[in-house]
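# Here you go, sequence then predicted model.
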Amino acid sequence: MANTYHQIYLQTVFAVKYRQAVIQKEWQTQLFAVIGNLINEKNCKTIIVNGVADHVHCFIGLKPAVSISELMQTVKAKSSKYINDHSLTPERFEWQEGYGVFSYSQSQIDRVYKYIQNQEAHHKKQTFREEYLDFLKKFKIDYEEQYIFHDLI
């Protein structure tokens, strides 16, 4: 049989440059729709895109032929272009370099979906920095904290 069967579920997390809180509620939903469409255009499946003023979570069904780095490069470049072309921020918008990507099994889809769906409530209790470091620790990803975030000087 010549078919390829796959089941790859990934959550990606990426932040606004310097973690500035510039994603406004007035256009947040449209931005998340743009990001979802960009994922779908790369022949992947958008399960949910959500976030808060300083970062975004995407839950994706990844096609095996698509490289996650290529997908994220496209999503970040084209979504920042969308923000800048529509003058949604007073200054030039940029995403921070890099991203987090975490894999899940079929049995975790509902839990991850609800987690991403409830970002606003979640971040009333925990900062993005705390959340991101928790992900890295939970998934046992080695990291050097000085390279995780670029802060304004």
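Cool, got the structure. Here the structure is a predicted model, which is why all the values come from computation and not from measurement.
# contacts for the one helix or strand F135 maps to?
F135 belongs to helix 128-138 when elements are defined using DSSP states H and E. Residues lying outside helix 128-138 but in contact with it, judged by Cβ atoms under 8 Å, 6 or more residues apart in numbering, are 13, 15, 19, 52, 54-55, 100, 102, 122-123, 126, 141, 143, 145, 148-149. In short, each C-beta sits where N, CA and C put it, glycine included.
# now, which of these lie within strands?
Cross-referencing the contacts of helix 128-138 against strands under DSSP state E gives V13, A15, V52, H55, G100, F102.
# what's around the fourth one, how many residues?
Neighbourhood size, H55 [other Cβ atoms under 10 Å]: 23.
# go on, the second one?
By the other Cβ under 10 Å criterion, the neighbourhood of A15 contains 23 residues.
# hang on, it packs against V52?
No - under the criterion of Cβ atoms under 8 Å, A15 makes no contact with V52, lying 10.3 Å away.
# So in terms of bridging, what pairs with the closest residue in space to H123 that isn't next to it in sequence?
Spatial nearest neighbour of H123, excluding adjacent residues (Cβ to Cβ, 6 or more residues apart in numbering): V52 at 5.1 Å. Note on V52: beta-bridge partners H55, judged by DSSP bridges.
# right, and V52 touches Q119 too?
Yes - using Cβ under 8 Å, V52 makes contact with Q119 at a distance of 5.4 Å.
# I'd like the distance between the nearest residue to A65 once chain neighbours are set aside and S67.
If you skip the residues right next to it in sequence, A65 has N43 as its closest partner in space, 7.5 Å away by Cβ to Cβ, 6+ apart. Taking Cβ to Cβ, to the nearest Å as the measure, N43 falls 12 Å from S67.
# quick revisit: can you report how many residues neighbour the residue nearest to H123?
The local packing count at V52 equals 18, with neighbours defined by other Cβ under 10 Å.
# Could I get the ones in strands among the contacts of helix 128-138 in CSV, plus columns for pLDDT?
As requested, those are exported to CSV (pLDDT from 0 to 100):
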residue, pLDDT
V13, 98
A15, 96
V52, 98
H55, 97
G100, 96
F102, 98
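# L62: which of those is nearest?
Nearest to L62, judged by Cβ to Cβ, of those is F102 at 11.9 Å.
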